[in-house]
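K.L.:
coords please:
(chains A, B, C and D)
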Protein chains: 2
Amino acid sequence: MPTLAPLFKALSDPSRLGIFERLTRGEMAVMELTAQFELSQPAVSQHLAVLRQAGLVTVRRDGRMVYYGVRPDAFRPLVDWLSHYQAFWPRRVDRLKALLERMEP
Amino acid sequence: MPTLAPLFKALSDPSRLGIFERLTRGEMAVMELTAQFELSQPAVSQHLAVLRQAGLVTVRRDGRMVYYGVRPDAFRPLVDWLSHYQAFWPRRVDRLKALLERMEP
DNA sequence: CAAATATATAAGCCGATACTTATGTTTTGT
DNA sequence: ACAAAACATAAGTATCGGCTTATATATTTG
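P.N.:
As a prediction, this is how the structure comes out:
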């Protein structure tokens, strides 16, 4: 039961969450992120540093560009945490069944 | 897809997250929470106000005590959000199957 | 090597936030 | 009605967080 507060904090800023969600579509260099979000390059780098320290993203250097991507299992702490509070999930069994069916074909 | 940042922010403070998790075990009055956490009563009330504004908890007055509880469906936004990123879940199908089996008996 | 490119880091500013103490509001008990 | 209890709100303060500008580091290119 690691404290999830740091993870939540990492995702609590709209810009940072936006960057993170964008990364779920695939790796991206800082440059490209800076172009897509209306943020300065240092601001993007700082957000990425926070995400990295929270264990949410991976970094890969290629030449002079640095590519960030969502870490596999990034959501593991969240999923584990949520699984302890199933009683408060919405229409839980139905939703999960639907999820499984979408995932398995 | 509503922005989840405010929800994450509400859970990003360790004290507040602790209070929230404690509430998942059942309703509790401000007094009792104040006793269990090393926080002043106003601090607890302020945290509860944040949780309430984030739609995470319910309030019920009984006499001069006010009972807070986790809102049913409190995790709905989180579950919905996570469901969009299944690719980054850990051993996803197995985990969900296990979950379902624990939930259905 | 020098210049340009891509990114990271440093320092500072300012608004947000988590706490404190003090006070207000509602309800109970006598 | 009055005092106490349970909680909320107000106001002040100190720290944190996200931004900016400026600079440092790493890599490629000429």
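K.L.:
rest of the way, CA atoms for contacts and neighbours
P.N.:
OK.
K.L.:
can you list the residues of chain A near DNA strand C?
P.N.:
Applying CA under 7 Å from any atom of the strand, one finds that chain A approaches DNA strand C through A:29-32, A:41-46, A:48-49, A:64-67.
K.L.:
contact partners of stretch A:37-51?
P.N.:
By CA atoms under 8 Å, 6 or more residues apart in numbering or on different chains, the surrounding residues in contact with stretch A:37-51 are A:Ala10, A:Leu11, A:Ser15, A:Arg16, A:Ile19, A:Phe20, A:Val30, A:Met31, A:Leu33, A:Thr34, A:Val57, A:Tyr68.
K.L.:
highest neighbour count among those residues?
P.N.:
A:Leu11 (28 neighbours; other CA atoms under 10 Å in any protein chain shown).
K.L.:
which of the three states applies to the residue lying closest to that residue once chain neighbours are set aside?
P.N.:
Spatial nearest neighbour of A:Leu11, excluding adjacent residues (CA to CA, 6 or more residues apart in numbering or on different chains): A:Leu17 at 5.1 Å. Three-state call for A:Leu17 (DSSP: H, G, I helix; E, B strand; the rest coil): helix.
K.L.:
out of the contacts of stretch A:37-51, which sit inside strands?
P.N.:
The strands, defined by DSSP state E, take in A:Val57, A:Tyr68 from the contacts of stretch A:37-51.
K.L.:
can I get the contacts of stretch A:37-51 in a markdown table with distance to B:Ser83 and pLDDT?
P.N.:
Shown next, in a markdown table, are the contacts of stretch A:37-51 (distance: CA to CA, whole Å; pLDDT from 0 to 100):
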| residue | distance to B:Ser83 | pLDDT |
| --- | --- | --- |
| A:Ala10 | 19 | 98 |
| A:Leu11 | 16 | 98 |
| A:Ser15 | 21 | 98 |
| A:Arg16 | 20 | 98 |
| A:Ile19 | 18 | 98 |
| A:Phe20 | 15 | 98 |
| A:Val30 | 27 | 98 |
| A:Met31 | 29 | 98 |
| A:Leu33 | 24 | 98 |
| A:Thr34 | 27 | 98 |
| A:Val57 | 19 | 98 |
| A:Tyr68 | 22 | 98 |
